[in-house]
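K.L.:
Prediction below, plus the sequence it came from.
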Amino acid sequence: MTLHLDLLRHGETELGGGLRGSLDDALTAKGWEQMRAAVAEQGPWDRLISSPLQRCALFARELGARLNVPVSLETALQELHFGAWEGQSAAALMETDAEGLGLFWADPYRFTPPEGEPVSEFSARVLGAVSRLHQAYAGERVLLISHGGVMRLLLARARGLPREQLLNVEVGHAALFSLQVAADGVLKEGI
């Protein structure tokens with residue numbers, strides 16, 4: 001049986017762009033509105049699963065209460081931890097670690113930011129969580145509220161992209177995508 005998994009990225013955050021990673025910054029008023037608008041004509045969902053970081057979890061709780069559906073937090077669906085790069089913009093990194101940023105951009109699986117989480121471990125963490133969601137909720141429609149990196153990983157896999165193209169997947173604030181998760185773990189984009 002298939003799991004229908006809708007993916008929603010958090011909206012704009014108070015501390016702005018850059019590599020937010022495990023930083024727990026809040027949504028701006030615009031970020032809240034972006035997310036509300038993204039789901040306004042969508043659903044229905046059987047349940048909501050969210051990253052525990054407040055930029056995702058607070059919206060999930062609000063939406064769950066409004067829709068009267070259960071909400072669960074899943075730590076394995078947090079963003080990639082960028083280590084020493086957390087909170088920095090690409091422009092700032094170009095001044096302090098242009099070589100590292102270039103290597104990471106070229107193949108994030110082969111280069112890990114200093115003190116950061118290897119993308120291979122991040123991938124195993126996220127895909128393991130999706131597998132557990134399939135086991136628990138196959139046949140349901142679930143809204144997963146998470147982060148750009150999580151969504152890029154799942155979309156790249158669904159699209160069959162080579163790992164070097166992971167960071168080429170565009171996922172804007174409050175972007176909403178749909179995936180099908182098959183029993184064998186194969187991901188397909190769309191309904």
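P.N.:
Nice, I can see it.

K.L.:
Surely residue 34 touches residue 8?
P.N.:
No. Using CB atoms under 8 Å, residue 34 makes no contact with residue 8, being 10.0 Å away. All C-beta atoms are positioned from the backbone trio N, CA, C, and that covers glycine.

K.L.:
any residues in contact with both of these two?
P.N.:
Common contacts of residue 34 and residue 8, defined by CB atoms under 8 Å, 6 or more residues apart in numbering, comprise residue 174.

K.L.:
Compare these two and say which is more crowded by neighbours.
P.N.:
Between residue 34 and residue 8, counting by other CB atoms under 10 Å, residue 8 is the more crowded of the two (24 against 20).

K.L.:
residues in contact with the more buried one?
P.N.:
Going by CB under 8 Å, 6+ apart, residue 8 touches 35, 38, 39, 143, 144, 145, 146, 174, 175, 176.

K.L.:
List phi and psi for the third one.
P.N.:
Spelled out, it's residue 39. When read as degrees, to the nearest 10, the backbone of residue 39 gives phi -100, psi 0.

K.L.:
Report the separation between it and residue 153.
P.N.:
To residue 153, residue 39 is 22 Å away according to CB to CB, to the nearest Å.

K.L.:
who has more neighbours, those two?
P.N.:
Higher neighbour count among residue 39 and residue 153: residue 153, with 25 against 20, using other CB under 10 Å.

K.L.:
Whichever of the contacts of residue 8 end up buried, select them in PyMOL.
P.N.:
Selection command for PyMOL covering only the buried members of those, criterion 16 or more other CB atoms under 10 Å:
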select buried, resi 35+38+39+143+144+145+146+174+175+176
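
K.L.:
The contacts of residue 8 in strands, which ones?
P.N.:
143, 144, 145, 146, 176 (DSSP state E).

K.L.:
Let's have these in CSV, adding pLDDT and distance to residue 122.
P.N.:
Formatted as CSV, those follow (pLDDT from 0 to 100; distance: CB to CB, whole Å):
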residue, pLDDT, distance to residue 122
143, 98, 21
144, 98, 16
145, 98, 18
146, 97, 12
176, 97, 22
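
K.L.:
Could I get the residues you listed in TSV, plus columns for distance to residue 106?
P.N.:
Output for these, formatted as TSV (distance: CB to CB, whole Å):
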residue	distance to residue 106
143	33
144	28
145	30
146	25
176	29
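
K.L.:
Tell me what residue 13 is bridged to.
P.N.:
Here residue 13 shows beta-bridge partners residue 27, assigned using DSSP bridges.

K.L.:
what sits against the residue nearest to residue 15 when sequence neighbours are not counted?
P.N.:
Using CB to CB, 6 or more residues apart in numbering and skipping the chain neighbours, the partner closest in space to residue 15 is residue 25 (4.2 Å). Contact analysis of residue 25 by CB under 8 Å, 6+ apart lists 13, 14, 15, 54, 55.
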